[in-house]
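*Asks:* what follows is a protein structure lacking sequence information:
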C-alpha cells in the first residue's frame, strides 16, 4: 500500500514539475529572457549557466573517468560501473544542450561556433569539445543498444574502433571539464578572491572527477530502490575509498591555492561570501571524513548520505563561482525567478525519468555478472582485451 | 593610427547633448525619462552620471585588446584597426559571455526582445575617422575625437597646465591593457563611478590556460595510449603463451 502511494506521489510530483516546466518554457520563448529570468545587464548569467551547464557537465564526468579507469588503466573490477556512468554522461550532455537552448538569446544559432571561429575564446573551445564529446558518448553508449537488439556484427565492428574513441573521449573531457573553470579567468577584478584563481581549470577538473564517481554511487542507490538492480556493494565500497582520496586531493589543492593567494584573509570581511564558502567547504570535508571511516563504508545508507552531501558541496562550489563571487563587484543580489527554477527542475526530473527507463529496458546495471566479479583477477582474464564488453562476454 | 575619444570630466556640464546625439545614431527614442536614467542599457548606449557637482560619462571604452572580443565564441565582436570595437549581430547566438567578461560592464542586452541583440557604443564606426556624434554635439569640448596618441598628448598637456584642477592620472591609458576612450577628471576615478581594473590586457589571463590545449591533446594521447599498452601487456603475453 505505501509502495502504491509512493509510486503515485512521484508520478504526481513529476507531472507537476513537467507542467510548471512547460509553462515556464512558454514564458521564456514567447516573452523572452527578461520576462522569464532575473538576469540583468549587470548580471547576465544565472542558474541556467551556473547550475544547468556548469554543474550538469560536472555531474556527467563519470563517463570519461570510468571509461579511463576500466578501458585505459584496465582495472577490471570497475567494469560494472562503466555503463551507468556512460549513460549518465550521455544523458547529462543532452540535457545540458537542452538547458543551453533556454539560456541562449538566439538558440537557433547554437551551431554558429562550428563555422564561425574564434580560437581565443574558451567558450568556442568548450562548444567544440562538448559537441565532439557528445558524439563520442553516443558511440560509447551504442553497445548497450546494439546488444539489446542483438546486432552482433555492428557490436563487433564498434569494438574494434573503441580504443581511439575512448582516448578521444578522455582528452575532450579533460579539455572542457577544465575549460569550464577557464571561462572565469577573464574576470580577475570582478570575482571575489575566495573563488577567482588561476587554478580554476585544475580545480574544476579535479572536482569533476570526484563528482563523476559520486554520481555512479548515487544512481546505483536509486536504481536499487526503483527495481532492485544495482552495483555490488564491495564495488561501491571501493568507489567510496577512491572518493575519499580524490576529495582530499581537491581540498588540499583548493586550500593551498587560497593560502598562496592570501585569500583566506578575506574571511575576516563581513558578508555572505564567507558563509557560503564555509558551506561549500563543510559539504565537501564532511563526506570526505565520512568516507575515510570504515564504519561509513560498511553502511549503504551512510554512503548514500555522504555522496549526496558531496554532490551538494560540488554544486555549491560551482554556484559560488558563477553567482556568489560576482555579486559584490556587480552590486547585484541575484536570485533565480520561478521560471528559471521551473525549467531547471523539469530538466532534472526528465533526467531521472529517462535514466530510469534506460536502466529498466537496456542492459545497464549488470547484475547477472555477479560471478564475474568474484573471479580471481588475472586467472580468467586471458580473453580478448575488453573494451565495452558484451553481456555474458 | 586609431581613432580615440578623450572625455574631460572637468569640462563637462552635464547637458546630456551627447546622449541625445547618440540616440540618433541608433534610432532610439530619447526623452526626459530616458535622460534621467543614469545607466547604460540597450536603449541608451552612453550616459552622463552625476556625482554631486561632478559629472562622468559612461560609454564603451573600446579596449585595445578587448575582453569581449576575445571571449566571443563566434567572433561577433571585433576590434577594428580603425579603433572601434564593433558588433556583428548576424553572428551572435546570445551567450552573453561578452557582458560577463567586460571589466567595465558595458555590453547590454535587449532583455525584452524575443530575438535579442547585444547593444553597445561602436564609436560611430559608420563615420570612419570622423568625429563621433557625441563629440560633435558636445558644446564645451568635454568629449573630443582624434588619434589616440594625440588624445594622450592633449590629456597630458591638460594635466600639466593645470595641475591643481586635475587628478594626475589618465584613466584608460593602462586600464585593461589600454583603451581607446581616455578620461581625465578632478578627483580619483572611483569617486565618479569608474571601476578599478587590472592594468594587464584581460585576454592574457585566459590565454595562460587556453594555450595549453594542444599540449593536453598531444600529451593526453601519448599518456593514454601508453598506459593502455602497459596495462594490457599481461593479457597480450598470456594470449601469446596460450597460442604457442
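*Replies:* Yep, that arrived. Quick caveat: nothing in here was measured; it's all calculated off a predicted structure. Numbers count the residues shown, from 1 in each chain, chains lettered A, B, ... in the order given.
*Asks:* any chance you could map the strands in chain B?
*Replies:* B:3-8, B:47-51, B:54-58, B:77-79, B:85-87, B:108-109, B:118-119, B:143-147, B:181-184 (DSSP state E).
*Asks:* now chain A
*Replies:* Going by DSSP E, chain A shows no strands.
*Asks:* for it, give the residue positioned nearest to chain B.
*Replies:* residue A:105 (2.2 Å; C-beta to the nearest C-beta). For every residue, glycine as well, the C-beta is placed using N, CA and C.
*Asks:* neighbours around residue 223, how many?
*Replies:* Looking at chain A here, since you left the chain open. Per other C-beta atoms under 10 Å in any protein chain shown, the neighbour tally for residue A:223 reads 21.
*Asks:* oops, I was thinking of chain B
*Replies:* Neighbours of residue B:223 under the rule other C-beta under 10 Å: 15.
*Asks:* next: residue B:162.
*Replies:* Neighbours around residue B:162, by other C-beta under 10 Å: 11.
*Asks:* do you know how far it is from residue B:156?
*Replies:* Distance, residue B:162 to residue B:156, using C-beta to C-beta, to the nearest Å: 12 Å.
*Asks:* coming back round to it: can you redo the strands of chain B as JSON lines with mean neighbour count?
*Replies:* Shown next, in JSON lines, are these (neighbours: other C-beta atoms under 10 Å in any protein chain shown):
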{"stretch": "strand B:3-8", "mean neighbour count": "26"}
{"stretch": "strand B:47-51", "mean neighbour count": "16"}
{"stretch": "strand B:54-58", "mean neighbour count": "22"}
{"stretch": "strand B:77-79", "mean neighbour count": "20"}
{"stretch": "strand B:85-87", "mean neighbour count": "22"}
{"stretch": "strand B:108-109", "mean neighbour count": "23"}
{"stretch": "strand B:118-119", "mean neighbour count": "24"}
{"stretch": "strand B:143-147", "mean neighbour count": "20"}
{"stretch": "strand B:181-184", "mean neighbour count": "24"}
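*Asks:* wait, which of these is closest to chain A?
*Replies:* Per C-beta to the nearest C-beta, nearest to chain A of the strands of chain B: strand B:108-109, 4.4 Å.
*Asks:* rewinding a little: could you report the pLDDT at the residue of chain A closest to chain B?
*Replies:* pLDDT recorded at residue A:105 is 96.
*Asks:* correct me, but it touches residue B:96?
*Replies:* Yes. Applying C-beta atoms under 8 Å as the test, residue A:105 and residue B:96 come out as touching, 7.0 Å apart.
*Asks:* so what sits against both of the two?
*Replies:* residue B:109 (C-beta atoms under 8 Å, 6 or more residues apart in numbering or on different chains).
*Asks:* show me what stretch A:351-368 is in contact with.
*Replies:* The contact list for stretch A:351-368, computed with C-beta under 8 Å, 6+ apart, reads A:14, A:79-80, A:83-84, A:87-88, A:91-92, A:95, A:144-145, A:147-148, A:219-220, A:222-223, A:226-227, A:229-231, A:391-392.
*Asks:* what about chain B: which of those touch it?
*Replies:* Counting by C-beta under 8 Å from any C-beta of the partner chain, nothing from those sits close to chain B.
*Asks:* can I get the buried part of these as one ChimeraX selection?
*Replies:* Here is the ChimeraX command that selects the buried residues among those (16 or more other C-beta atoms under 10 Å in any protein chain shown):
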select /A:79,80,83,84,87,88,91,92,95,144,147,219,220,222,223,229,230,231
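*Asks:* take the contacts of stretch A:351-368 and keep only those in helices.
*Replies:* Judged by DSSP state H, helices contain the following of the contacts of stretch A:351-368: A:14, A:79-80, A:83-84, A:87-88, A:91-92, A:95, A:144-145, A:147-148, A:219-220, A:222-223, A:226-227.
*Asks:* output the longest helix belonging to chain B.
*Replies:* Max-length helix for chain B by DSSP H is helix B:213-231.
*Asks:* buried set for that helix?
*Replies:* Quick answer for helix B:213-231 (16+ other C-beta under 10 Å): B:213, B:220, B:224, B:228.
*Asks:* check the residues you listed and tell me the two furthest apart.
*Replies:* Taking C-beta to C-beta, the two most distant members of the buried residues of helix B:213-231 are B:213 and B:228; they sit 22.2 Å apart.
*Asks:* could you check which residue of chain B lies nearest chain A?
*Replies:* For chain B, C-beta to the nearest C-beta, closest residue to chain A: residue B:94, 2.2 Å.
*Asks:* distance of the residue nearest to that residue when sequence neighbours are not counted from residue B:28?
*Replies:* Closest residue to residue B:94 apart from its sequence neighbours, by C-beta to C-beta, 6 or more residues apart in numbering or on different chains: residue A:105 at 2.2 Å. Going from residue A:105 to residue B:28 by C-beta to C-beta gives 19 Å.
*Asks:* now do residue A:78
*Replies:* 60 Å.
*Asks:* which non-adjacent residue is nearest residue A:190?
*Replies:* residue A:329 is the one closest to residue A:190 (C-beta to C-beta, 6+ apart), at 4.4 Å.
*Asks:* likewise residue B:178?
*Replies:* That would be residue B:64: by C-beta to C-beta, 6+ apart, it lies 4.5 Å from residue B:178.
*Asks:* surely that neighbour meets residue B:201?
*Replies:* Yes. Contact criterion C-beta under 8 Å: residue B:64 and residue B:201 qualify, at 7.2 Å.
*Asks:* let me know how buried the residue of chain A closest to chain B is, in neighbour terms.
*Replies:* By other C-beta under 10 Å, neighbour count at residue A:105 equals 22.
*Asks:* contact partners for it?
*Replies:* A:33, B:92-96, B:109, B:115-117.
*Asks:* list buried residues within those residues.
*Replies:* Buried among the contacts of residue A:105 (16+ other C-beta under 10 Å): A:33, B:92-96, B:109, B:116-117.
*Asks:* lovely, talk soon.
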